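Peer 1: Sequence and predicted structure, then a few things I'm wondering about:
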Amino acid sequence: MKLLPKILKPKFSYDLIRLGTNYDGGYLVEKSSILNSDFLLSFGISTNWDFEKDFINYNCVEYLAFDGSVNEDFWNRLIISKFKKLSLSKALKFLIKKKQFYDFFNNKNFISKYIGTTYENSVTLDEILFKIEKKNIFLKIDIEGSEYDILQQILDNQSKILGLAIEFHNCNSNMKNIINFINKFNLDLVHIHANNYNTIIENYIPDILEITFAKNPIAMGDYKKLPHKLDMPNRSKSKEIIIKFE
């Protein structure tokens, strides 16, 4: 595996906690960025909103989530497909999951729109933040490559952002964009984790990287090697990717 650019290396160790599920869907987040935030803005939900639930349990703030792929038809298709395959237990699982989704989200805190400019049913970060009056926003982004559409908008609005957990996709072809973003972003990089769903190729970096940032994070000591003790492989049956830097 190719070494990661040094700019992706955290400068110190920080007080991190894990929010979300074990394995895929969980992120390590700097504690003060959660406690000091007063709004959670989340892009990308699908069938897993444990990060959002954990965040709200840790700091009960207002929250708003977006995912253009999730709507009533999305849930009904999942349930019906399992019935057709005679997988009744899985059909029941998604029926319960659908109820849990609507128990947690409603018309006030979930909008079925994509983020960026790729799809017709999309909205930009600028448009969203124009309607949010809060100043200390925690932003979670997992939108399968559309994150690059809004990096400049994140920079333009960074004075409002207290924390950011973002999943970068197609990193080998977008590393210059990622480095440019980090150079211009005022928040500190506090954690990085490699998603192990893709096969590692010699002389290539991991193609999916999960990176967390925080504003004025509390340093706990010198940087320690990764993975962090709270990290877990995204794919539970595959080995964790060991990140090393230039």
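Peer 2: Everything's here; your move. Residues are numbered from 1 along each chain as shown.

Peer 1: What does the pLDDT read for the residue lying closest to Pro206 once chain neighbours are set aside?
Peer 2: Among residues not flanking Pro206 along the chain, Ala194 sits closest, at 3.7 Å (Cβ to Cβ, 6 or more residues apart in numbering). Backbone N, C-alpha and C define where each C-beta goes, glycine included. The model reports Ala194 with a pLDDT of 96.

Peer 1: For Ala194, which residues are in contact?
Peer 2: Ala194 makes contact with 206, 208-210, 241, 243 under the criterion Cβ atoms under 8 Å, 6 or more residues apart in numbering.

Peer 1: Can you show me the strands along this structure?
Peer 2: 12-14, 16-19, 27-30, 39-43, 62-66, 110-111, 114-115, 122-123, 137-141, 161-168, 188-194, 209-214, 219-222 (DSSP state E).

Peer 1: closest to Leu155 out of those?
Peer 2: strand 161-168 (9.6 Å; Cβ to Cβ).

Peer 1: Quick one: distance of that closest one to the chain centre.
Peer 2: Mean-position distance between strand 161-168 and its chain equals 7 Å (Cα atoms, centre = their mean, to the nearest Å).

Peer 1: Please report how far Gln100 lies from Lys93.
Peer 2: Separation of Gln100 from Lys93 (Cβ to Cβ, to the nearest Å) stands at 10 Å.

Peer 1: returning to that earlier point: which of the strands of the chain sits most buried?
Peer 2: Mean neighbour count, computed with mean count of other Cβ atoms under 10 Å, is highest for strand 27-30 among those, reaching a mean of 26.

Peer 1: now for it, which elements pack on it?
Peer 2: Where contact means 3 or more Cβ pairs under 8 Å, 6 or more residues apart in numbering; DSSP states H and E, strand 27-30 is packed against strand 16-19, strand 161-168, strand 188-194, strand 209-214.

Peer 1: Out of those strands, which is closest to Ile45?
Peer 2: From these, taking Cβ to Cβ, the stretch that ends up closest is strand 161-168, at 13.0 Å.

Peer 1: For that closest one, which strands pair with it and how are they oriented?
Peer 2: Sheet pairing for strand 161-168, assigned by DSSP bridges, gives strand 137-141 (parallel), strand 209-214 (antiparallel).

Peer 1: pLDDT of it, averaged?
Peer 2: On average, strand 161-168 scores 98.

Peer 1: and what of stretch 122-130?
Peer 2: 95.

Peer 1: now swap in stretch 11-19 and tell me
Peer 2: Stretch 11-19 shows a mean pLDDT of 98.

Peer 1: Lovely, talk soon.
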